[in-house]
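> Curious how this folds, go ahead:
(3 chains)
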Amino acid sequence: MNYTSINDIDNLSQWVKDALKIKKKPLKNKKLGKNKTLGMLFFNPSLRTRLSTQKAALNLGMNVMVMNFTNEGWTLEFEDGAIMNKGASEHIKEAAAVISQYCDIIAIRAFAGLADKEKDNAETVLTGFQKYATVPIVNMEGCTGHPLQSLADAITMEEHKTKHRQKVVLTWAPHPRALPQAVANSFVEMMQLQTEMDFVITHPEGYELNPEITKDSKIEYDQNKAFENADFIYAKNWSNYKEYGQITNSDPNWTVSAEKMKLTNNAKFMHCLPVRRNMIVTDEVIDSENSIVIEQANNRTYSAQLVLQKILKNVK
Amino acid sequence: MNYTSINDIDNLSQWVKDALKIKKKPLKNKKLGKNKTLGMLFFNPSLRTRLSTQKAALNLGMNVMVMNFTNEGWTLEFEDGAIMNKGASEHIKEAAAVISQYCDIIAIRAFAGLADKEKDNAETVLTGFQKYATVPIVNMEGCTGHPLQSLADAITMEEHKTKHRQKVVLTWAPHPRALPQAVANSFVEMMQLQTEMDFVITHPEGYELNPEITKDSKIEYDQNKAFENADFIYAKNWSNYKEYGQITNSDPNWTVSAEKMKLTNNAKFMHCLPVRRNMIVTDEVIDSENSIVIEQANNRTYSAQLVLQKILKNVK
Amino acid sequence: MNYTSINDIDNLSQWVKDALKIKKKPLKNKKLGKNKTLGMLFFNPSLRTRLSTQKAALNLGMNVMVMNFTNEGWTLEFEDGAIMNKGASEHIKEAAAVISQYCDIIAIRAFAGLADKEKDNAETVLTGFQKYATVPIVNMEGCTGHPLQSLADAITMEEHKTKHRQKVVLTWAPHPRALPQAVANSFVEMMQLQTEMDFVITHPEGYELNPEITKDSKIEYDQNKAFENADFIYAKNWSNYKEYGQITNSDPNWTVSAEKMKLTNNAKFMHCLPVRRNMIVTDEVIDSENSIVIEQANNRTYSAQLVLQKILKNVK
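Numbers count the residues shown, from 1 in each chain, chains lettered A, B, ... in the order given. The predicted structure is shown next:
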């Protein structure tokens, strides 16, 4: 069993229930991971994912070996049949097979480069490890998805939902740097598994996500209209998918402000973090009682722990 | 309970006694830290602090998660109300609150930049974490203090003191690079808590430390005179505090030499390490039987373990 | 007891037997390393060594503290009597003695710089730690040897040998970058301890390894002739030892190809990894059933575990 995409979730509501049980007694399965080793490979920076996934593994009694691939290891080659006479020292075929000798589960973070859409969509690193590793793979954010985050988001919404059918809005917001679509993609895919929520995506025209991911999810280009009666506002920047990796809009009117939040049904504010204050969201909103971003981060531990726990039970 | 400054020590002689008890049986409290996690955040290089604090946590049965913030995490913003459209990806408000979700204690190293006295004195990183973290904070060397070091120094002096009232000298010595005042500051503050020792600071004129720290501690500009009858010589370089962060003196006559040590009462030689040999101190002195620098480093473990132990008992 | 060279093996066939026993029950000695700490110091990148040595220590119940010296610690000075007024912040004398306060075993990786033969042959880092540390030292690849690798190679050959007297060939192969001789050296030294194998080294003229290491080992300049009837082909690049650190040959005819493997007695293909595909060896050969490179990597764990186990038994 791998966990590389939201599509690996067979029953979202059951997973969320299971994660909330773990949250109540995080050390209940402390023996499950005994003498099992999680290898965490980072090709990019990480704070929440690094610490929460490690914490989840420790809660399960696992050993953890962390490796920052870019400065601690060798540059990898991913092309089949390559004549390796350039910069790359090791082929993914060997790297993945070798790490599988030492680890029972391999977790990987490898962001989109945003220079080559086709290459990013191919998820070279993640699929390379999936193909050549002989142990389960966990996605700690790839080029096109961040399923540990979106599972944590689902857990957080379950905890904060009110009685009626919830309206959830994913809103684009401006950011000074070009960011991947990964978090937004997985959030959309997770929302497509929600049966009792209404979901709307709002972003400037031209900022459509990959249509193969959004499918028939509702898109509303008028942010104000989207916010009306919303119960959850999930803010996130992403760079342009059509004009791939470009910043074609930086309109400050898209920043989530207190005024905009007034349009909602006293909505909770969500973001995966790290967040650019007063670009994505004003201080007033993120510092308000309705902000649940820290709880989202907290739930990263239980999201990761559920995934590791499922894999460990499967491995046994 | 935090440990960010020597001022957090309520009773130095009792702390030293407790630390020496830990040193005798370092594994006695192996269960105290069970399922507790220490997060160690480094904004600067570290050898002794990195390994001794980790070792202390392991002795207490804690889990340890180490993170080099500068290359593994995100650049932090510390200014309140900042419009985050520049380099910093994450605000200290979120970073500190988030890390508190995964760790029971957060230890932080963040050196002085030595470019802006006011900013350094504000201890931006350390106070940011103190303000926004929801778990105890330990200072692994900030801009203006290194209290784990000075506690280890107190332990070491207790072990090596002779019967009569001891004379302790903190002497400035030359160094090719501009260094923070942190170690010297905390040493001064620790010595101010000593009731049975005479303390003298010696340095070239103009190299006065922050007077709010030295208070009424005795300063003697004549190094030879200061060394007379000393029982402990503690050498340390620091850059100019008035002409902030500048090197205004590199006089090799201030190097601690065998000749100068002859002026003392067969004094022990101390330094926090790393030390520049033949700049701060000659090989002859640091390689002599009177040098206790390695024992100081050893006591870093028990200094950190005492602090973690006190916090853990408090947390419970 | 240190393990810094193949010469530290007193009885190779017994060590190999012991390692194979460990491989069958890797967790049998889980209590041996309890409350013991392995410090792993890296001056260079590492994948297999980093993870396998860590895994070995975990199998023995040890604590592990990993430190990347180059970016996490201080620059070291190795010269005796140096006036430390330049880049180096800490002398090996202090660094080694200090780390010995926190670790029960210190493992070190420090590659050859390939600029100064005499300096590389002096193994400055490794011998510095041996001289000034007060705990056992393990070589995780120095300038001139990689004895954990060669012990793993011996284990792997034991598992894959056929009934008759085996012929083992170490063959040079081309590589785009100048590489150290360390792996080849230790392999030669290990083969010199083999009593029931025939050993041949093959490389272009001029690429002779240090004659103090090869001693009377057989050298055959005709690669095809060397391959005849071989049971094991061990490929490895190294840079020129006479014209020290230079690449004086990049002849693609030395690449290990399927055609060349046909000259052998259905030989197993070996390499320490990372390997440059289609430079050192063609895809066809390394992807064939006769390739045992992943098993070599797997045996790194048991090679390291045997060494740590021997040291721990000795330390007690």
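> How about residue A:311: what's its closest non-neighbour residue?
Nearest residue to residue A:311, sequence neighbours excluded (Cβ to Cβ, 6 or more residues apart in numbering or on different chains): residue A:136, at 4.8 Å. C-betas here are computed from N, CA, C, even on glycine.
> was I right about the one you found contacting residue A:2?
Yes: between residue A:136 and residue A:2 there is a contact under Cβ atoms under 8 Å: 5.4 Å.
> Which residue is the nearest non-sequential neighbour of residue A:60?
residue A:33 (3.6 Å).
> Roughly how far does the one you found sit from residue C:59?
15 Å (Cβ to Cβ, to the nearest Å).
> Over to residue A:4?
29 Å.
> Then residue A:1?
Counting by Cβ to Cβ - residue A:1 and residue C:59 are separated by 25 Å.
> still on that earlier bit, pick out whichever of residue A:4 and residue C:59 has more residues nearby.
residue C:59 (26 against 19; other Cβ atoms under 10 Å in any protein chain shown).
> Spatially, which residue comes closest to residue A:193, not counting chain neighbours?
Nearest to residue A:193 is residue A:12, by Cβ to Cβ, 6+ apart, at 4.2 Å.
> hmm, I was thinking of residue A:251
residue A:174 (6.2 Å).
> Spit out the contact partners of that neighbour.
A:237, A:249, A:250, A:251, A:252, A:254, A:255, A:279, A:280 (Cβ atoms under 8 Å, 6 or more residues apart in numbering or on different chains).
> Now with 7 Å, please.
A:237, A:250, A:251, A:252, A:254, A:255, A:279 (Cβ atoms under 7 Å, 6 or more residues apart in numbering or on different chains).
> just to revisit the earlier point, around the residue nearest to residue A:193, how many other residues sit close by?
19.
> tell me the domain boundaries of chain A?
A:6-145+A:299-315, A:149-296 (automatic domain parsing).
> separation between the residue in the stretch 51-200 of chain A that chain C sits nearest to and residue B:47?
Proximity to chain C, evaluated over the stretch 51-200 of chain A using Cβ to the nearest Cβ, is greatest for residue A:90 at 3.4 Å. Separation of residue A:90 from residue B:47 (Cβ to Cβ): 29 Å.
> which one of residue A:136 and residue A:2 has more residues nearby?
Neighbours of residue A:136 and residue A:2, each counted by other Cβ under 10 Å, are more numerous for residue A:136; the result is 23 against 18.
> Follow the chain on from the lowest-mean-pLDDT helix or strand in chain A and name the next helix or strand.
Ranking every helix and strand in chain A by mean pLDDT, DSSP states H and E puts helix A:69-72 at the bottom, with a mean of 86. Beyond helix A:69-72 in the direction of the C-terminus, DSSP states H and E gives the next helix or strand as strand A:76-77.
> what's in contact with that next one?
Contacts for strand A:76-77 (Cβ under 7 Å, 6+ apart): A:84, A:88, A:90, A:91, A:92, A:95.
> The first one reaches residue C:274, doesn't it?
No: under the criterion of Cβ atoms under 7 Å, residue A:84 lies out of contact with residue C:274, with a separation of 9.3 Å.
> Now residue A:219: phi and psi?
phi -110, psi 130 (degrees, to the nearest 10).
> That one - nearest residue in space that isn't next to it in sequence?
Closest to residue A:219 by Cβ to Cβ, 6+ apart is residue A:201, at 5.0 Å.
> Surely that neighbour is in a strand?
Yes: using DSSP: H, G, I helix; E, B strand; the rest coil, the assignment for residue A:201 is a strand.
> Kindly state the pLDDT recorded for it?
Per-residue pLDDT puts residue A:201 at 98.
> same check, this time on residue A:74
89.
> Chain A: helices as residue ranges?
A:12-24, A:48-59, A:69-72, A:92-102, A:117-121, A:124-132, A:147-160, A:182-192, A:211-214, A:223-227, A:258-261, A:283-286, A:293-315 (DSSP state H).
> Comparing those by mean pLDDT, which bottoms out?
Among the helices of chain A, helix A:69-72 scores lowest, with a mean of 86.
> Buried residues in that helix, which are they?
Within helix A:69-72, the residues that count as buried by 16 or more other Cβ atoms under 10 Å in any protein chain shown are A:69, A:72.
> do it and chain C meet at all?
Yes: applying Cβ under 7 Å from any Cβ of the partner chain, one finds helix A:69-72 in contact with chain C at A:71, A:72.
> closest point of the stretch 101-250 of chain A to chain B, which residue?
residue A:176 (4.4 Å).
> distance of the closest residue to that residue other than its chain neighbours from residue A:175?
Counting by Cβ to Cβ, 6+ apart, residue B:85 is the residue found nearest to residue A:176 once chain neighbours are left out, at 4.4 Å. In this view, residue B:85 and residue A:175 are 8 Å apart by Cβ to Cβ.
> who has more neighbours, those two?
Using other Cβ under 10 Å, the more surrounded residue of residue B:85 and residue A:175 is residue A:175, with 21 against 16.
> which of residue A:84 and residue C:274 has more neighbours?
Neighbour count, other Cβ under 10 Å: between residue A:84 and residue C:274, residue C:274 has more, with 23 against 20.
> ok, the residue most central in space within chain A - contacts?
In chain A, the residue lying closest to the centroid (Cα atoms, centre = their mean) is residue A:146, at 2.3 Å. Residues in contact with residue A:146 (Cβ under 7 Å, 6+ apart) are A:182, A:183, A:186.
> Generate a PyMOL selection restricted to the buried subset of those.
Selection command for PyMOL covering only the buried members of the contacts of residue A:146, criterion 16+ other Cβ under 10 Å:
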select buried, chain A and resi 182+183+186
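> Mind putting the contacts of residue A:146 into CSV with distance to chain C?
Converted to CSV, the contacts of residue A:146 look like this (distance: Cβ to the nearest Cβ, whole Å):
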residue, distance to chain C
A:182, 26
A:183, 29
A:186, 29
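> Neighbours of residue A:76, how many?
For residue A:76, using other Cβ under 10 Å, the count is 24.
> Test of understanding: give the bridge partners of it.
Residue A:76 has these beta-bridge partners by DSSP bridges: residue A:90.
> quick one on the thing from earlier: which of the contacts of residue A:174 fall within strands?
The subset of these located in strands under the criterion DSSP state E is empty.
> Distance of whatever residue of chain A ends up closest to chain B relative to residue A:297?
In chain A, the residue that lies nearest chain B is residue A:274 (3.4 Å; Cβ to the nearest Cβ). Distance, residue A:274 to residue A:297, by Cβ to Cβ: 10 Å.
> And residue A:114, by the same measure?
Distance of residue A:114 to residue A:297, given as Cβ to Cβ: 25 Å.
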